[in-house]
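Q: Here is my input; please provide its structure:
(3 chains)
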Amino acid sequence: MADSASPSPVHRDTTEKLAQLKHLPPEGFLRTHVFSLDHKVIGKQYLDMALVAVIVGMVLSWLMRFHLGFPETPVPGLGTIAPSSGAGGVMTPELYLSLMTMHGTIMVFFVLTTAPFAGFGNFFLPIQVGAEDMAFPRFNMMSFWVTFVGFLVLLAAFLVPEGAPISGWTAYAPLSAVGKDAGPGLGLGQTLWAVSIALFCVGQLLGSLNFITTTLDLRTKGMSLARMPFSTWAWFITSIIGLIAFSVLLPACVLLFLDRVGGTSFFIPAGLVISDRLQPHSGGSPLLWQHLFWFFGHPEVYIAILPGFGIVSHVLPAFARKPVLGPRLLIGCMAAIGFLSYTVWGHHMFLSGMNPFSATLFSVPTLVITIPATIVVLLWIGTLYGARLRFTTAALFCIGFISVFVSGGISGFFLAQPSIDTYLHGTYFVVGHFHFVMGVAAMFGIFAGTYFWFPKMYGRMMNETLGKWHFVLTFIGVYCIFMPMHYLGLAGNVRRYSAFTDEYMKGSLPLHRFITYAALVTGAVQILFFINLFWSRFRGAVAPENPWEATTLEWSTSSPPPFDNFGTWHPVVYRGPDEYGVEGPSGDFRMQAVPDRGGKGAPA
Amino acid sequence: MGKLFAVLLTIITAVSMYIFLSRTWWLPHDISVLGHGIDHQLMETLVESGILFVAAQLVLAAFVWRFGGDGDGRAIKTFPGGAIPMVVIATLLVGGEVLALTLVGTKVWSSIYQAPPDPNALRIDVLAEQFAFYFRYSGADGRFGTIHPELIDEGNGNIYGLDPANDTTARDDIVSASLVVPVNHPILLSMHAKDVGHAFYVPALRIQQDFVPGLLIPLQFTATQPAKEEIVCTQLCGLGHYNMRGYLEVMPQEEFDQWLADQASN
Amino acid sequence: MSTANPVITSSPSRTGVWVGIAAITMSFAAFTSAMVVRQGAAPDWLHFRLPPLLYLNTVILLASSATLERCRRRAASGAGPAAAIPWLAASITLGLLFVVGQALAWRDLAAQGLYLATGPSSAFFYLLTAVHAIHLLGGVVALIYVWFRLVRTEANNVPSALGATVLYWHFVGVLWLYLLLILAIRL
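A: Reported below is the predicted structural model:
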């Protein structure tokens, strides 16, 4: 099966049979656009949902930043939206915490996981391996709709009387488990959070199942594993990580849910007195939640970032006009990162009272994981050497990705060491670190993917001038927002505070104001992107089949592709994905599906 | 476009490093025995990762400057030596750094958390609750009274849930809202939480430790100079988290003894 | 057993089931580790004797695996759907019977005063049996789907979903044996 020089006839037969069964053209609006089985529609649905989610998440961060910079100044309109907790426009501490919890949850789950992995992955993985669709289109449709319901359930937490949860995206027990005695937002809001994340896990498990099976079983003739594009590799590795990670978070959410509504004591120890009430629980372990959560939580970082690795490795060569340096090494490093991501979760818990010796044990793989990450970065930089760089917006976002990933990765050196973490844990240094490395870097990957693939998805080009302005301003903006957070952290400025009333933190206010200005401006810059996105969707220049002179299979079909991806043509793959800087029939590249002498549609 | 980006990236790198080096926002003064070890480790990491940061960003900028544009018809070039030298460099450089940092860092870490408790240490029982810290001294008998969660009654002033009526060891326990300690004397905190997770963070002491409900967590430190510092909570604990604060007062031994005697007589 | 029909062997549904098995195994590994941690976290673990009915349920579930295996072989032998469907029906019935038996075991436990919130041991009992039953009912739905496919296909043509579902069903049976073991003994 893996050896594709001569794929077994059985394999082809099955594929064709499946194709016959699956590819009855959809009829009616509902089947075509809503409950669609087409992986391309599902991918777009994921991306559209992520777009809504990212706007919500960004607005939440504006409100938080505004409050941190100007704690006494009323936010216009806040009193109307949140009459009780935002009375007069000045937010209460619990409103701040609920915005923070929802910002983190929405961004990590419904943006950074859905857009680069489920969104682009759904649209392009089947096309890149030459399949007509995913292996299980019905599961695929369920995957999106379950995730979507999870998103709605999460948003519903804003509407319940006690408000949205305030326990952070990590939902540490017992704060998240004991119910409303512990404070506002910890009643129904927190229960909805647990349900939402459980649904999200189910959705992503169904998605991962499809990604893995499609990659293994539905590759077209000639598409050996070694010939798969880097983006496919990244999605494949990510889906394996996701399969394991979400399989653990799901039970954790079930246990949390039972502690909240079933009266059990998985995470709640005996003898807790909350709001002067002795809690009717006994014997649970708060650290159990932390272990289960971070066993998922750390790999989740790589679920967010590895698709970005794939996109950069896929897009950069097309604009550098040369192959990636060390392609096998690159894939090996991605796989190594995926594997190592399961050995490091304890570094989030250095200060949790765990055995100090295990802190040392967790510290080592955490530092070791920087080696494959460094190699990947060096391979990208090495790819730029001697290149003929075309500065499209997509290429710029790839280069920007490398820069911000380096910045975020290097601050990880500090936090990986327990002795330094003792000082920096729980400060803005951590906030700066993870926003760079998984927030901004992953967003840059999403931007690169959008500017690169938009023509294929919608059949129209995006505006490059607007795109370049978007890039330059965003690039400056993210450094202005997140670099100063490292300085704040060094000064001991604590995170998750709605106001800095402590003497020693008051000196940080000017820097917080600066970050607030930067965040508001950078957020406003994103309007350029939204305008570009909507304008181009309907008015952009019509896209040719292969606007970037790229090589992989998605560029061998029309823009946008027909509903069965290649029409009557069955693509056959003749070479690897990275043949740039060579003499080809139509320029300095050779496409995967074009044989040496003939044109498209050569014998199967 | 490439040259513009290269200039931009160089400026960003320079400004970022300048602010680090200017120490405008920097660690507070260090008042603990272990602090200099942590500071030293931090500085070492800062220098090494600073070099890596500047080198990576500048090489990226230089390549983008140099290899931009495809209009001149030049041929592409492969990186000299291919991928293998990269791997060797990455493994040696980063691997070496990792190894060095781990070895030194482990020593610092174990000096804080793996050192056996000093027998002469002053033992203080720390209780964290929404949203305050309380500190209990054992009093003349050197023993702490047993905690009964069901007896906790804030209105009554029984913050710890002690039972002085039946428990003789509890009668002379001293409960304080501030952590008062003698200078240059090892302190052993015994930390527990009443309700949800909290954390104990004193930047000037360079220590931070979670309170985990259900667990009794030890933490040692020795303060080296008289000071008054804020203790803040760094583990999200509810709506008053931002305002959960206590004070650490380090004073000379005689003053401390006097303070303790005053407390006992109250 | 997979050599009987090469078309089934390489089908995506079979790969999919293997991937699904990996995910479910991981989930139950997480539950198991939670159980180990919880038993060590506090001395409040009340170990109780499992309702004897569970052992009868176990026999029923094993029997359903046997009848389903029989169904798969009949279908693969080219005897046509008519020869396989009775065995399929028997398997579905036995599967549903198992779920009913589990529900009766719950009532038995409740009658002893052991509820979800009574203690950690009963909490894990209800939780694990319920999660297992959900997975089993998923298998029943898949078997009903296979039934429709069998009825609609011509003789000598085995739907690939059959082989995959049989694999899944066996897995759910093995999973039950594992759960029975960790519930019966103290880890």
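
Q: do you know how far the residue of chain C most remote from its centre is from residue A:285?
A: Of all residues in chain C, residue C:43 has its C-alpha farthest from the mean position, at 32.2 Å, by C-alpha atoms, centre = their mean. Noted for residue C:43: a distance of 13 Å to residue A:285, by C-beta to C-beta, to the nearest Å. C-beta coordinates here come from the backbone N, C-alpha and C atoms, glycine included.

Q: Over to residue A:331?
A: Residue A:331 is 39 Å from residue A:285, by C-beta to C-beta.

Q: Only the buried residues of the helix-or-strand element of chain B with minimal mean pLDDT, if you could.
A: Sorted by mean pLDDT, DSSP states H and E, the helices and strands of chain B end with helix B:83-113, the least confident at a mean of 82. Using 16 or more other C-beta atoms under 10 Å in any protein chain shown as the burial criterion, the residues of helix B:83-113 that qualify are B:83, B:86-87, B:90, B:93-95, B:97-98, B:101-102, B:104-106, B:108-110, B:112-113.

Q: likewise stretch B:183-191?
A: Within stretch B:183-191, the residues that qualify as buried are B:183, B:186-191, counting by 16+ other C-beta under 10 Å.

Q: Tabulate those (a markdown table), appending distance to chain A and secondary structure.
A: As requested, those are arranged in a markdown table below (distance: C-beta to the nearest C-beta, whole Å; DSSP: H, G, I helix; E, B strand; the rest coil):
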| residue | distance to chain A | secondary structure |
| --- | --- | --- |
| B:183 | 20 | coil |
| B:186 | 18 | coil |
| B:187 | 16 | strand |
| B:188 | 15 | strand |
| B:189 | 12 | strand |
| B:190 | 12 | strand |
| B:191 | 8 | strand |
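
Q: Nearest to chain C among those residues?
A: Nearest to chain C among those: residue B:191, at 18.1 Å, using C-beta to the nearest C-beta.

Q: what pairs with the closest one across the strands?
A: residue B:126, residue B:217 (DSSP bridges).

Q: contacting residues around it?
A: B:126, B:128, B:200, B:209, B:211, B:216-219 (C-beta atoms under 8 Å, 6 or more residues apart in numbering or on different chains).

Q: Same check on residue B:135?
A: B:124-127, B:175-180, B:246 are the contacts of residue B:135 under C-beta under 8 Å, 6+ apart.

Q: quick one on the thing from earlier: what about the least confident helix or strand of chain B, distance to the chain center?
A: From the chain centre to the centre of helix B:83-113 is a distance of 22 Å (C-alpha atoms, centre = their mean, to the nearest Å).

Q: does that helix come close to chain A?
A: Yes: Helix B:83-113 reaches chain A (C-beta under 8 Å from any C-beta of the partner chain) through B:83-84, B:86-87, B:89-91, B:94-95, B:97-98, B:101-102, B:105-106, B:108-110, B:112-113.

Q: repeat for stretch B:231-238
A: Yes: using C-beta under 8 Å from any C-beta, stretch B:231-238 comes into contact with chain A via B:232, B:234-238.

Q: contacting residues around residue A:485?
A: So residue A:485 contacts A:428-429, A:431-432, A:435, A:515 (C-beta under 8 Å, 6+ apart).

Q: how does it look with 7 Å?
A: A:428-429, A:431-432, A:515 (C-beta atoms under 7 Å, 6 or more residues apart in numbering or on different chains).

Q: Check which helices and strands the lengthiest helix in chain A is in contact with.
A: Counting by DSSP state H, the longest helix found in chain A is helix A:286-320. Judged by 3 or more C-beta pairs under 7 Å, 6 or more residues apart in numbering or on different chains; DSSP states H and E, the packing partners of helix A:286-320 are helix A:230-261, helix A:327-340, helix A:370-384, helix A:393-415, helix A:441-458, helix C:12-41.

Q: and the third one, how far out from the chain's middle?
A: Think helix A:370-384. The answer for helix A:370-384 is 21 Å, by C-alpha atoms, centre = their mean.

Q: Send me it as PDB with only the CA atoms.
A: Only the C-alpha atoms of helix A:370-384 are listed here, as PDB (Å, rounded to 0.1, in the frame of the first residue of the first chain):
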ATOM      1  CA  THR A 370      14.200  22.500  20.800                       C
ATOM      2  CA  ILE A 371      16.700  20.600  18.700                       C
ATOM      3  CA  PRO A 372      14.300  19.300  16.000                       C
ATOM      4  CA  ALA A 373      12.600  22.700  16.100                       C
ATOM      5  CA  THR A 374      15.900  24.400  15.600                       C
ATOM      6  CA  ILE A 375      16.800  22.100  12.700                       C
ATOM      7  CA  VAL A 376      13.500  22.900  11.000                       C
ATOM      8  CA  VAL A 377      14.100  26.600  11.300                       C
ATOM      9  CA  LEU A 378      17.700  26.300  10.000                       C
ATOM     10  CA  LEU A 379      16.400  24.200   7.100                       C
ATOM     11  CA  TRP A 380      14.000  27.000   6.200                       C
ATOM     12  CA  ILE A 381      16.600  29.700   6.500                       C
ATOM     13  CA  GLY A 382      19.000  27.500   4.500                       C
ATOM     14  CA  THR A 383      16.300  27.200   1.800                       C
ATOM     15  CA  LEU A 384      16.300  31.000   1.500                       C
END
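
Q: got the angle for it vs helix B:83-113?
A: 150 degrees (axes from the mean of the first three to the mean of the last three C-alpha atoms, to 10 degrees).

Q: circling back: and the residues of stretch B:231-238 next to chain A, which is closest to residue C:106?
A: residue B:238 (36.7 Å; C-beta to C-beta).

Q: if I pick the nearest residue to that closest one once chain neighbours are set aside, what's in contact with it?
A: Nearest in space to residue B:238, with sequence neighbours left out and distances taken as C-beta to C-beta, 6 or more residues apart in numbering or on different chains, is residue A:183 at 4.0 Å. Neighbour list for residue A:183: A:94, A:166, B:238-239 [criterion: C-beta under 7 Å, 6+ apart].

Q: so which strand or helix has residue B:230?
A: strand B:227-232 (DSSP states H and E).

Q: mind listing what's buried in that strand?
A: B:227, B:229-232.

Q: May I have the residues that are in contact with the closest residue to chain C within chain B?
A: Nearest residue of chain B to chain C (C-beta to the nearest C-beta) works out as residue B:214 at 7.6 Å. Listed by C-beta under 7 Å, 6+ apart, the contact partners of residue B:214 are A:269, A:285-286.

Q: ok so, going back, quick one: which of the buried residues of stretch B:183-191 is nearest to residue A:306?
A: residue B:191 (38.2 Å).

Q: in chain A, what spans have low per-residue confidence?
A: A:1-25, A:597-604 (pLDDT under 70).

Q: hang on, the earlier thing: per-residue confidence at the residue farthest from the centre of chain C?
A: For residue C:43, the model assigns a pLDDT of 89.

Q: Against residue A:113, how distant is residue A:197?
A: 11 Å.

Q: For residue 118, which non-adjacent residue is spatially closest?
A: By default, I'm working from chain A. Nearest residue to residue A:118, sequence neighbours excluded (C-beta to C-beta, 6+ apart): residue A:46, at 4.5 Å.

Q: that's the wrong chain, I wanted chain C
A: Distances taken as C-beta to C-beta, 6+ apart place residue C:46 nearest to residue C:118, at 7.6 Å, with adjacent residues excluded.

Q: That neighbour contacts residue C:121, correct?
A: Yes: Residue C:46 lies in contact with residue C:121 (C-beta atoms under 7 Å); the separation is 5.3 Å.

Q: higher neighbour count, these two?
A: Each of residue C:46 and residue C:121 has its neighbours counted (other C-beta atoms under 10 Å in any protein chain shown); residue C:121 has more, 18 against 10.

Q: thought that one was touching residue C:44?
A: No: contact status for residue C:121 versus residue C:44: not in contact, 9.1 Å apart, counting by C-beta under 7 Å.

Q: one step back: which of residue A:197 and residue A:113 has more residues huddled nearby?
A: Neighbours per residue (other C-beta under 10 Å) separate residue A:197 from residue A:113, with residue A:113 holding more: 28 against 24.
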